[in-house]
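Student: show me how the following folds:
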Amino acid sequence: MNKLIRLYHTVKYLKAIQVYYRLYYFARKRVRKLTGFRYPLSVPSKAQELKLKPSIASYPTIDKETFTFLNLSHTFENGIDCNFSAYGKLWTYNLTYFDFLQQQGMTKERGMVLIYDFVEKMPTHQDALEPFPISLRGINWIKFLTYHQIRDEKIDDSLYAQYHILMDNLEYHLLGNHLLENGFSLLFGAYYFQDEKMYAKAAEILKAELQEQILEDGAHFELSPMYHQIMLFRVLDCLNLLQGNKRVNGKMGEWEDGLMALLKEKAGKMLDWLNIMTFEDGSIPLFNDSTNGIAPTTEQLNEYATHLTNHQPSTINHPLTKSGYRKITKEKYEMILDIGPVGPDYIPGHAHADTFNFELHIKPSTIHHPPSTIHHQPFIVDTGLSTYETNTRRTEERSTAAHNTVEVMGMSSSEVWGGFRVAQRAYVTKTEEHEEKIVATHNGYEKKLGILHTREWHFEEERIIIHDTLNKSTNAVARLHFHPDVTEEMINRHINIQNSKFKIQNYRHAPAFNTLYDALVLEIPFETSLTVEIRL
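Tutor: Numbers count the residues shown, from 1 in each chain. Have a look, this model is predicted:
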């Protein structure tokens, strides 16, 4: 019964279009299996030579026959197997994205060998022909073919066939960044193959989804700084495409004019948001599903945007409204905190149960470190993200206990489950914001426990005071997770708690996929109220 209730509270938020396409694709798959339907793997095409300015190089992932994704390496001794699954589906996906075509040092000859190998083995591919990897691979192939001025009929016909598969399997059942990636890729395919039908669908998706997914303050609505960086990268790549190329017969249609303006508008807002959300050392907070070594850095995105549009990072600290994040900057510290929703209700797959979570960076001199070229260093951090596999570690990393907030009765404030599912979720019901104080209340524990959690932050130059209040007595634990470089002596020096029951425990910090470091977490049990002082 509990599982049915959880499932109900998960699916009730889905949009009608998601439900329709889930049922439609399920039924169609059954019918096609009975009829023996197969997509053609080569479709006659007429590709056009494009012009693109240099983009952002990808992270190095291939060295001879060894491929490294998600910090896991595998050497293919008997040819590349795009169905290799020993490291999980996300690793297999990365193998078939072909991001490595954009890594520095990738030669024309080596890239052609890799593409031809994929084309030859097309009949055996499984995950590689799903819409998401097709979307990313399409952009990467077109960029590579363009930069190296390659005209190859066999590759073009294979890629055109893959775009037909994508057009027939657009991810309306998922929406969010998946459908947006479909739209970005279709735009590249439309220009490369001079396909008006493909262009119309790309423009339809992008115009609708960019308006939906980019919030008023410029944040991508899934509220992951990492995914924000990825989506911004795609927007900039599409601007690169439109600026240097025209469509069929050199015509510029009304759709295209409107799309160009929309891309520029969203790119500017997204850059402004990202620059506010980036710490002075260039890092992003690892909120929700965010990690290092996947997306282009903020610095790279700023340079690319300047090269394309002469956009300069805003010097104005725009308010972060709809995204629910807040940035506090003082002489001795930077702090980013979360007083917003877990994400869009109909696609919270990258959300964590982290309401009222925060990260804190302070100056090296403040924490008695040697002088550093980095202006600030992380002190209190998010646990991070090490896996997308549906396992215990994934569940732990999404739980409230893995974040710098309050867990009540061993429960998470939002019911995360199944890798990418959220059932009942916390909503922030009240906020008060003043120049040096923020107060917010969420209802994540109300339905099951009748408890409301209120957190009050006071921001001073020499200290931060955090006061947590529950509306009735219960068993609660507040946690502060520290960066692996932070010692117990530093914790005792900088954290003052009027509570003798606290414990300093060990946890595993995950700054990147499949990367774990030993670190310390402060656990503070309380019943009704708790005050923590961070002295700087």
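
Student: which helix or strand in this structure has the lowest average pLDDT?
Tutor: In the chain, the helix or strand scored least confidently by mean pLDDT, DSSP states H and E is helix 2-11, which has a mean of 82.

Student: okay, buried residues for the helix or strand that comes right after that one please.
Tutor: Going down the chain from helix 2-11, the next helix or strand is helix 16-35, by DSSP states H and E. The neighbour-count check on helix 16-35 (16 or more other CB atoms under 10 Å) flags 18, 21 as buried. For every residue, glycine as well, the C-beta is placed using N, CA and C.

Student: identify the residues contacting helix 16-35?
Tutor: Applying CB atoms under 8 Å, 6 or more residues apart in numbering, the external contacts of helix 16-35 come out as 11, 37, 169, 172-175, 346.

Student: tell me where the stretch 351-500 of the chain has helices.
Tutor: Listed in chain order, the helices of the stretch 351-500 of the chain (DSSP state H, counting those that start in this stretch) span 392-398, 446-449, 488-494.

Student: dump the shortest one to PDB, restricted to CA.
Tutor: This points to helix 446-449. C-alpha atoms of helix 446-449 as PDB (Å, rounded to 0.1, in the frame of the first residue of the first chain):
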ATOM      1  CA  GLU A 446       3.900  18.500   7.600                       C
ATOM      2  CA  LYS A 447       1.800  15.900   5.900                       C
ATOM      3  CA  LYS A 448       3.300  12.900   7.700                       C
ATOM      4  CA  LEU A 449       4.500  14.400  10.900                       C
END
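
Student: adjust the sequence numbering to begin at 553 for everything that follows.
Tutor: Got it, first residue is 553 now, which makes that one helix 998-1001.

Student: need phi/psi at Glu817.
Tutor: Dihedral angles of Glu817 (phi, psi; degrees, to the nearest 10) stand at phi -60, psi -50.

Student: what of Ile891?
Tutor: Here is the backbone geometry of Ile891 (degrees, to the nearest 10): phi -120, psi 30.

Student: same check, this time on the one 10 residues further on
Tutor: With angles defined as degrees, to the nearest 10, Gly901 sits at phi -60, psi -30.

Student: give me the number of residues near the nearest residue in space to it that is not next to it in sequence?
Tutor: Once flanking residues are discounted, Gly901 sits nearest to Phe972: 3.6 Å by CB to CB, 6 or more residues apart in numbering. A count of nearby residues for Phe972, using other CB atoms under 10 Å, gives 17.

Student: how about Thr881?
Tutor: 15.

Student: for it, which residues make a bridge with it?
Tutor: Glu886 (DSSP bridges).

Student: so how far is Leu738 from it?
Tutor: Counting by CB to CB, to the nearest Å, the gap from Thr881 to Leu738 is 40 Å.

Student: please apply the same query to Glu1075.
Tutor: To Leu738, Glu1075 is 49 Å away according to CB to CB.

Student: which of the two has more neighbours?
Tutor: Leu738 (28 against 17).

Student: that one: what's it in contact with?
Tutor: 687, 715, 718-719, 750-751, 753-754, 757.

Student: any idea which element it lies in?
Tutor: Judged by DSSP H and E, Leu738 forms part of helix 728-745.

Student: thinking again about what came up before, among the contacts of Leu738, who's most crowded?
Tutor: Ser687 (28 neighbours).

Student: quick one: contacts for the nearest residue to it once chain neighbours are set aside?
Tutor: Leaving aside its chain neighbours, Ser687 sits nearest to Ser737 (3.8 Å; criterion: CB to CB, 6+ apart). Ser737 is in contact with 686-688, 690-691, 715, 718, counting by CB under 8 Å, 6+ apart.

Student: repeat that for Met887.
Tutor: Contacts of Met887 (CB under 8 Å, 6+ apart): 879-881, 910-913, 1011, 1016.

Student: shaky segments in the stretch 903-1052 of the chain?
Tutor: 917-928 (pLDDT under 70).

Student: so the nearest residue to Phe636 once chain neighbours are set aside is in which element?
Tutor: Distance criterion CB to CB, 6+ apart; nearest residue to Phe636, sequence neighbours excluded, is Thr644 at 6.1 Å. Using DSSP H and E, Thr644 sits in helix 641-649.

Student: again with Val894
Tutor: Counting by DSSP H and E, Val894 is part of no helix or strand.

Student: so what's Thr850 up against?
Tutor: For Thr850, the contact set (CB under 8 Å, 6+ apart) comprises 781, 826-827, 830, 834, 836.

Student: which residue ranges of the stretch 753-902 of the chain form strands?
Tutor: 877-881, 885-890 (DSSP state E, counting those that start in this stretch).

Student: would you map out the domains in the protein?
Tutor: Residue ranges for each domain of the chain read 766-865, 877-1087, as given by automatic domain parsing.

Student: just send these back as JSON lines, with distance to Leu732 too.
Tutor: Output for the domains of the chain, formatted as JSON lines (distance: least, CB to CB, whole Å):
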{"stretch": "domain 766-865", "distance to Leu732": "6"}
{"stretch": "domain 877-1087", "distance to Leu732": "11"}
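
Student: out of those, nearest to Glu629?
Tutor: domain 877-1087 (22.1 Å; CB to CB).

Student: most centrally placed residue in this protein?
Tutor: Centroid-nearest residue in the chain: Tyr779, 2.4 Å away (criterion: CA atoms, centre = their mean).

Student: Thr843 is in contact with that one, correct?
Tutor: No - counting by CB atoms under 8 Å, Thr843 is not a contact partner of Tyr779; they are 10.5 Å apart.

Student: where are the low-confidence patches of the chain?
Tutor: 553, 800-809, 863-870, 917-928.

Student: tally up the residues packed near Thr676, please.
Tutor: 10.

Student: so what's it up against?
Tutor: Here Thr676 is in contact with 634-635 (CB under 8 Å, 6+ apart).

Student: how near is it to Asp669?
Tutor: 11 Å.

Student: ok, the closest residue to Phe910 other than its chain neighbours - contacts?
Tutor: In space, Phe910 comes closest to Leu889 once its chain neighbours are excluded; the distance is 3.8 Å by CB to CB, 6+ apart. Residues counted as contacts of Leu889 (CB under 8 Å, 6+ apart) are 877-878, 880, 908-911, 990, 1009.

Student: mind doing that once more with 10 Å?
Tutor: Counting by CB atoms under 10 Å, 6 or more residues apart in numbering, Leu889 makes contact with 837, 839, 876-880, 908-912, 956-957, 990, 992, 1007, 1009, 1011, 1018.

Student: for Leu853, same thing?
Tutor: 608, 780-782, 784-785, 787-788, 819, 822-823, 826-827, 830, 847, 865.

Student: closest one of these to Arg558?
Tutor: Taking the contacts of Leu853 together and measuring to Arg558 by CB to CB, the closest member is His780, at 28.9 Å.

Student: beta partners of the nearest residue to the closest one once chain neighbours are set aside?
Tutor: Setting aside the residues directly before and after it, His780 is nearest to His772 in space (CB to CB, 6+ apart), at 4.2 Å. When assigned by DSSP bridges, His772 has beta-bridge partners Ile766.

Student: state the number of residues packed around His772.
Tutor: Neighbours around His772, by other CB under 10 Å: 28.

Student: and what of the one 10 residues further on?
Tutor: Ile782 has 19 neighbours, counted by other CB under 10 Å.

Student: repeat that for His955.
Tutor: Neighbours of His955 using other CB under 10 Å come to 27.

Student: next one: it from Ile932, what distance?
Tutor: Taking CB to CB, one finds His955 at 11 Å from Ile932.

Student: common neighbours of these two, please.
Tutor: Joint contacts of His955 and Ile932 (CB under 10 Å, 6+ apart) are 909-911, 1031-1033.
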